[in-house]
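In: for reference, the sequence and a predicted model appear below.
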Amino acid sequence: MSRLDSFIRRLEAQRRCLAWAVDAAREIPGVAVELGLGNGRTYDHLRSLLGARPLYALDRQVTAHPDCVPDPAYLVLGEFRDTVPALKHRLGAAAAIVHADVGSSDEAASRALARWLAPALDPALAAGAAIVSDQDMAPGAALGWSPVAPPAGVPEGRYFLYRKR
């Protein structure tokens, strides 16, 4: 498979998983959180799906397309290890939807970040929250996160979906 075909399949899978999260959390009050703003593509897509639900974005720095940069009140800049532990207080409401796009080309570092992220993020989550991650956040199971099978057409292991009990 070409790198272009792989990229297209990844984005199609991501779109299906984001649609699942928005639908799964439709009746759960709270905000949405994008961990890893990047170039802003998924932020922009989530924004189009969420309607009036507030959407916060966290990243080290802004590298997004200008049309995809959140209002400063909804943008949290800094290292995740510094910003995520204070997220509960920053949001003003629990997170009902989280998209964590935190992987990098360093697989070991990505796995370590995901292991750390689950317990750090958990206090900010609403009961029933829908979590979509590009990394396995298995430590969430000890916190009451239930793994969810991916939507049709999304290969197992491409994305990881959870609901907080």
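Out: Cool, the structure landed.
In: for the residue most central in space within the chain, what are its contacts?
Out: With distances taken as C-alpha atoms, centre = their mean, H99 lies nearest the centre of the chain, 1.2 Å away. H99 makes contacts with 18, 21, 32-35, 42, 46, 132-133, as judged by C-beta atoms under 8 Å, 6 or more residues apart in numbering. Bear in mind the C-beta positions are built from the backbone N, C-alpha and C, glycine included.
In: got it, and P54?
Out: Counted by C-beta under 8 Å, 6+ apart, P54 has contacts 31-32, 74, 93.
In: tell me what the worst-scoring helix or strand of the chain on mean pLDDT is packed against?
Out: Taking mean pLDDT, DSSP states H and E as the measure, the helix or strand of the chain with the lowest value is helix 107-121, at a mean of 90. In terms of contacts (3 or more C-beta pairs under 8 Å, 6 or more residues apart in numbering; DSSP states H and E), helix 107-121 is packed against helix 80-83, strand 95-100.
In: I'd like the distance from it to the chain centre, please.
Out: 13 Å (C-alpha atoms, centre = their mean, to the nearest Å).
In: can you give me the angle that helix makes with strand 95-100?
Out: 170 degrees (axes from the mean of the first three to the mean of the last three C-alpha atoms, to 10 degrees).
In: what does helix 107-121 contact?
Out: Taking C-beta under 8 Å, 6+ apart as the rule, helix 107-121 contacts 35, 80-81, 84-85, 87, 95, 98, 100, 102-104, 131, 133, 135-140, 142-143, 145.
In: buried only: go through these for me.
Out: The neighbour count (16 or more other C-beta atoms under 10 Å) marks 35, 80, 84, 87, 95, 98, 100, 102-103, 131, 133, 135-137, 139-140, 143, 145 as buried among those.
In: from those residues, which ones fall inside helices?
Out: Mapping these onto helices (DSSP state H) picks out 80, 87.
In: and the biggest helix by length in the chain, what's buried?
Out: The longest helix of the chain (DSSP H) is helix 3-24. Applying a neighbour-count criterion of 16+ other C-beta under 10 Å, one finds 13-18, 20-22, 24 buried in helix 3-24.
In: for that helix, what does the pLDDT average out to?
Out: The average pLDDT for helix 3-24 rounds to 95.
In: circling back to that earlier point, adding distance to Y162, write the contacts of H99 out as CSV.
Out: Shown next, in CSV, are the contacts of H99 (distance: C-beta to C-beta, whole Å):
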residue, distance to Y162
L18, 14
A21, 10
A32, 15
V33, 14
E34, 16
L35, 13
T42, 17
L46, 17
V132, 8
S133, 8
